[in-house]
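>>> how would this look folded up:
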Amino acid sequence: MTERSSHYSAQTKARKAALDILFMAEQRGASLAETYTEQRSLSGGTVRDLTREIVFGVAEHFDAIDARIAAATSPAWPLERMPSVDRNIARMAIYELDYTDTPPAAVISEAVRLAGDLSTDESPTFLNGLLAKAAGAKPTTN
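Got it, this is the predicted structure:
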């Protein structure tokens, strides 16, 4: 992943760090906890609270999050076919939509911004649609 924009707010930086951990874990076939611990060690032990919350929240609700993503995509474009960056941005966003009090518009905006900076030209539009559909079908209980 290459970063196209370096001017991020603290919350966006926290989400970007969480995305890096999710992406690395998936690429390596490693656990999120193991990858988080490794990255925390490399950063001198400093990790933003939001980064930790997202990584461990995605890990805790991983299967439910992937099921929500799958329900919001078309059969022609299953979860496995999505670029890894997009899949992990979607995981973070679904976690925030379903398990936090962050306003849906803010979650979707952040996800679209990260996709615009870090993924394909089509990714922001794709994720905007997927996340809007998922937000509209949000479960009533956590």
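>>> Which residue of this structure lies farthest from its centroid?
Of all residues in the chain, Gly44 has its C-alpha farthest from the mean position, at 23.4 Å, by Cα atoms, centre = their mean.
>>> Return the list of helices and strands in contact with the helix or strand hosting Tyr36.
Using DSSP states H and E, Tyr36 sits within helix 32-42. Using 3 or more Cβ pairs under 8 Å, 6 or more residues apart in numbering; DSSP states H and E, the elements in contact with helix 32-42 are helix 10-28, helix 49-60. No exception for glycine: its C-beta is placed from N, CA and C like everyone else's.
>>> Just put those in TSV and tack on distance to Ala137.
Output for the helices and strands packed on helix 32-42, formatted as TSV (distance: least, Cβ to Cβ, whole Å):
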stretch	distance to Ala137
helix 10-28	22
helix 49-60	19
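>>> Can you say which of those is nearest to Pro75?
Closest to Pro75 of these is helix 10-28 (Cβ to Cβ; 22.3 Å).
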